[in-house]
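Enquirer: give me a 3D structure for the following:
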Amino acid sequence: MVQKRGSQSGAPVIRDFASGANAVKQQKQPAPSKPPTRRITVRSAAQRLSSVQRGSVMNVTINSSWTAAGSMVQARWDAILDVIGDDPDFLYVWALTVYVHSVFWLVGGLFVLMDFTNKPAFMRRYKTQPGKNEPIGWPELARVARTILFNQTVVGIPLTYVGYHLTIKGTVPDPRVLPSPLEILHHLLVCVFFAEVGFYYVHRFLHLGPLYRYVHKKHHEWSAPFAWTAMYCHPLEHILSNMIPPMIGIQLMRAHILTAAIWFPLVIFNTIRDHCGYHLPFFPSPEYHDYHHAKFTECFGTFGYLDWLHGTDTRFRQSKQHQRHRTLWTLKSARELYPDS
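Expert: Model prediction:
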């Protein structure tokens, strides 16, 4: 084989004597493909830079706002703990007990004052069962108050103390380290779920023959309840129905004391709303539980989902109270909007 240089391109020419053929093999690398060119004008570059800057500024602003709000809340929270202390045993048992019971007496007392004095007169139009407890007598009020105080102190405080020490003592978060808003919301949703499930099935259980006669009937002495009757019940019912279901979520999640301080007042507001005897504008309706007190046989839950599932609300759905069971977005009363006749 003889190799010669030929052509101006410099590619080698190879003569193959065995075959008598000349082959020219040029080894060329394929030219790399060029990406399509993008014309970037000064204006488009400025717009893109401005967009990036706006996004960065927005993120910084949001983060700064959350940081500032969190710092403010943390500072207020630290100031509270500096006064009352940050011992978890004290906070979860004693401070929470005083706080929650105070909410019950004060908020419930506003409705009781209206029922005791029948004033202001214009509020009578919002009564769910007009003509009943108008006004409440002092002997009845004193009897209810004595029962509640017994349940809150002799029954409630020991159960709270024992429950805390047996379940979550030593496992709760540092009181001074606040949870995030998402963590609070998550724990509250868990609390709502277990409170609703627990209350519904315990409530149905308490309506069984002997348990109703000897335990739950005391609560049903009031077919037209008023606010404080929410805790007027047999001590066993107070444990099984009023205390354990709301506690389950807090104990399971080892919730922060701040979450507990949000959750338990919500429970109090809800039960007072259910028993207050007033269907007020712009507030959730009490008609559901008020119907239970009037009829005894249906509407065992709070939100109604389990009653629907088990068919324990069929008569209620056919009643006038069901039509009234809605938030009123007007100053007219439910009875004016949905009269009996």
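
Enquirer: all helices of the stretch 101-250 of the chain, in order?
Expert: 138-150, 157-167, 181-206, 209-214, 235-237, 244-253 (DSSP state H, counting those that start in this stretch).

Enquirer: deepest of those helices, which one?
Expert: Of all the helices of the stretch 101-250 of the chain, helix 244-253 has the most neighbours on average by mean count of other CB atoms under 10 Å, namely a mean of 21. Where you see a C-beta, it was placed from the backbone N, CA and C, and this is true even at glycine.

Enquirer: circling back to that earlier point, dump the helices of the stretch 101-250 of the chain to a markdown table, plus mean pLDDT and distance to Q318.
Expert: Shown next, in a markdown table, are the helices of the stretch 101-250 of the chain (pLDDT from 0 to 100; distance: least, CB to CB, whole Å):
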| stretch | mean pLDDT | distance to Q318 |
| --- | --- | --- |
| helix 138-150 | 97 | 32 |
| helix 157-167 | 95 | 40 |
| helix 181-206 | 98 | 21 |
| helix 209-214 | 95 | 24 |
| helix 235-237 | 98 | 29 |
| helix 244-253 | 97 | 29 |
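
Enquirer: quick one, phi psi at K332?
Expert: phi -70, psi 150 (degrees, to the nearest 10).

Enquirer: and the helices of the stretch 101-250 of the chain as a markdown table, adding distance to Y126?
Expert: Compiled in a markdown table, the helices of the stretch 101-250 of the chain are given as follows (distance: least, CB to CB, whole Å):
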| stretch | distance to Y126 |
| --- | --- |
| helix 138-150 | 20 |
| helix 157-167 | 35 |
| helix 181-206 | 26 |
| helix 209-214 | 31 |
| helix 235-237 | 28 |
| helix 244-253 | 27 |
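
Enquirer: to G70, which of those helices lies closest?
Expert: Among the helices of the stretch 101-250 of the chain, helix 181-206 comes nearest to G70, with 9.0 Å by CB to CB.

Enquirer: what's the closest of the helices of the stretch 101-250 of the chain to Y305?
Expert: helix 181-206 (7.4 Å).

Enquirer: packing partners of the closest one?
Expert: Judged by 3 or more CB pairs under 8 Å, 6 or more residues apart in numbering; DSSP states H and E, the packing partners of helix 181-206 are helix 244-253, helix 257-275, helix 305-310.

Enquirer: can we see that at 6 Å?
Expert: If you count contacts as 3 or more CB pairs under 6 Å, 6 or more residues apart in numbering; DSSP states H and E, helix 181-206 packs onto helix 244-253, helix 257-275.

Enquirer: chain center to that helix, what's the gap?
Expert: Taking the mean of its C-alpha atoms, helix 181-206 sits 9 Å from the chain's own mean (CA atoms, centre = their mean, to the nearest Å).

Enquirer: cool, and stretch 209-229?
Expert: Mean C-alpha position of stretch 209-229 versus that of the full chain (CA atoms, centre = their mean) differs by 28 Å.

Enquirer: which residues does it contact?
Expert: 108, 111-112, 115, 129, 132-133, 144, 206, 233-234, 236-237, 272, 275-277, 293-294 (CB atoms under 6 Å, 6 or more residues apart in numbering).

Enquirer: 7 Å instead?
Expert: 108, 111-112, 115, 129, 132-133, 136, 144-145, 148, 205-207, 232-234, 236-237, 272, 275-277, 293-294, 296 (CB atoms under 7 Å, 6 or more residues apart in numbering).

Enquirer: follow-up on the earlier one: relative to D82, which of the helices and strands packed on helix 181-206 is closest?
Expert: Among the helices and strands packed on helix 181-206, helix 257-275 comes nearest to D82, with 14.7 Å by CB to CB.

Enquirer: and the closest one, average pLDDT?
Expert: Average pLDDT, helix 257-275: 98.

Enquirer: which other helices and strands does that helix contact?
Expert: helix 96-117, helix 181-206, helix 244-253 (3 or more CB pairs under 7 Å, 6 or more residues apart in numbering; DSSP states H and E).

Enquirer: what comes up buried for that helix?
Expert: 257-261, 263-265, 267-275 (16 or more other CB atoms under 10 Å).

Enquirer: hmm, who's touching it?
Expert: 91-92, 96, 99-100, 103-104, 107-108, 175, 178-179, 184, 187-188, 191, 195, 225-227, 229-230, 246, 250, 283-284, 286, 289, 302.

Enquirer: let me know the next secondary structure element after it.
Expert: Downstream of helix 257-275, the first helix or strand assigned by DSSP states H and E is helix 287-295.
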